[in-house]
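>>> Need a 3D model of the sequence below.
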Amino acid sequence: MDKENNFRFSFDSVPETDVSIASFQHTGSRNYQEDSYDFTGPLKSASGDECFIAVLSDGMGGLSQGDKVSKYVVSSYIKLLSGLRSYKDIHKQFTAMTAAINNDIVKGGTGGGATAVAVYCCRKGVFFCSTGDSRLYLFRNGILTQLTEDADVMNRELIKVIDGLATYSDAYNNSERDSLTEFIGANKQLSPDVNIKPLEIQPGDKLLLCSDGVYNAIPEKDLSGFLSMTPHYASTGMKNAINENKTPAQDNATAIVIEFR
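Numbering: from 1, shown residues only. Below you'll find the predicted structure:
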């Protein structure tokens with residue numbers, strides 16, 4: 001279900017900011033939806049400060065009960081982030097939350113897994129956390145920047161390229177390059193991608209949280225074009241583009257667009 005929200009929020013960098021959020025989901029060429037997402041309006045965290053939260057999770061189709069796992073991931077992050085009592089070492093708190101959610105899923109014995117990307121917006125700015133290949137982008141002054149790093153074989157192999165242990169051709173032609181090296185539900189210790197210093201919001205900034213069904217289907221130049229619009233038209237445009245150009249391999253697609261005016 002597509003949702004929207006509009007409210008006023010204050011950051012240290014931009015007091016009295018108008019925030020607009022819009023979202024969409026598309027099943028792609030599948031007859032089921034395993035992505036989940038949710039976002040909040042302004043709420044009082046356990047610290048007493050105002051915050052708002054957005055979370056997106058992509059249930060892994062190759063594993064069981066992806067839809068249930070992704071819903072659990074989303075609801076758990078929102079519950080845990082709402083209970084934050086301090087901004088101090090929030091990157092460590094994000095890592096601890098991810099470990100707790102991962103342990104719950106592993107102990108549940110479903111055999112399922114999911115990716116996740118979450119943002120926690122407070123007066124200091126935006127903190128984020130990702131596991132897997134769901135992404136967070138920043139659109140600022142017409143430039144689209146990917147803020148999170150995909151936890152996949154390609155990025156793991158690129159470290160070898162940097163260290164001189166492999167060539168870029170080796171990494172690019174690896175048949176497993178798109179396989180995830182980390183996801184929630186894996187029976188291992190996770191190292192989520194988190195930011196230590198908050199992203200300070202500037203007027204006109206937009207954030208895009210999306211599953212791989214979005215960025216694999218829409219080139220970045222087209223994503224930039226959509227994000228030059230309001231969140232409503234951006235999300236509608238992306239959904240229409242996927243619907244018009246979907247292939248038999250089109251994955252579930254989900255996105256959240258957040259604008260700060």
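>>> Could I get the full set of strands for the stretch 101-250 of the chain?
With DSSP state E, counting those that start in this stretch as the criterion, the stretch 101-250 of the chain has strands at 116-122, 125-131, 135-140, 143-146, 193-194, 206-210.
>>> right, and those - which one's nearest Ser45?
For the strands of the stretch 101-250 of the chain, distance to Ser45 was read as C-beta to C-beta. The smallest value, 7.5 Å, belongs to strand 116-122. Any C-beta I mention is one placed from the backbone N, CA and C, and that applies to glycine too.
>>> Please export the C-alpha coordinates of stretch 132-149 as CSV.
Coordinates of the C-alpha atoms in stretch 132-149 are reproduced here as CSV (Å, rounded to 0.1, in the frame of the first residue of the first chain):
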residue,chain,number,x,y,z
GLY,A,132,22.4,-6.3,2.6
ASP,A,133,21.7,-4.4,-0.6
SER,A,134,18.7,-2.2,0.1
ARG,A,135,20.0,1.3,-0.3
LEU,A,136,19.8,4.9,1.0
TYR,A,137,20.5,7.7,-1.4
LEU,A,138,20.9,11.5,-0.9
PHE,A,139,19.7,13.8,-3.6
ARG,A,140,21.2,17.3,-3.0
ASN,A,141,21.6,20.1,-5.4
GLY,A,142,20.7,17.9,-8.3
ILE,A,143,23.3,15.2,-7.5
LEU,A,144,22.4,11.7,-6.5
THR,A,145,24.8,10.0,-4.0
GLN,A,146,24.5,6.5,-2.6
LEU,A,147,25.1,6.7,1.1
THR,A,148,25.1,3.0,1.9
GLU,A,149,27.4,0.2,0.7
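>>> pLDDT averaged over that stretch - what is it?
Across stretch 132-149, pLDDT averages out at 97.
>>> Return the set of buried residues in it.
132-140, 144, 147-148 (16 or more other C-beta atoms under 10 Å).
>>> Any idea which residue is closest to the centre of this structure?
Nearest residue to the geometric centre of the chain (C-alpha atoms, centre = their mean): Val117, 2.9 Å.
>>> Quick check: bridge partners of it?
Beta-bridge partners recorded for Val117 (DSSP bridges): Leu56, Ser130.
>>> For it, give its distance to Asp193.
Going from Val117 to Asp193 by C-beta to C-beta, to the nearest Å gives 9 Å.
>>> same thing with Ile242?
On the measure of C-beta to C-beta, Ile242 and Asp193 end up 25 Å apart.
>>> Quick one: mean pLDDT for the helix ranked longest in the chain?
The residue-count maximum for a helix in the chain (DSSP state H) belongs to helix 90-108. For helix 90-108, the mean per-residue pLDDT is 95.
>>> And stretch 9-21, by the same measure?
Stretch 9-21 comes out at a mean pLDDT of 95.
>>> What are the buried residues along it?
Going by 16+ other C-beta under 10 Å, stretch 9-21 has these buried residues: 9, 11, 13-14, 17, 19-21.
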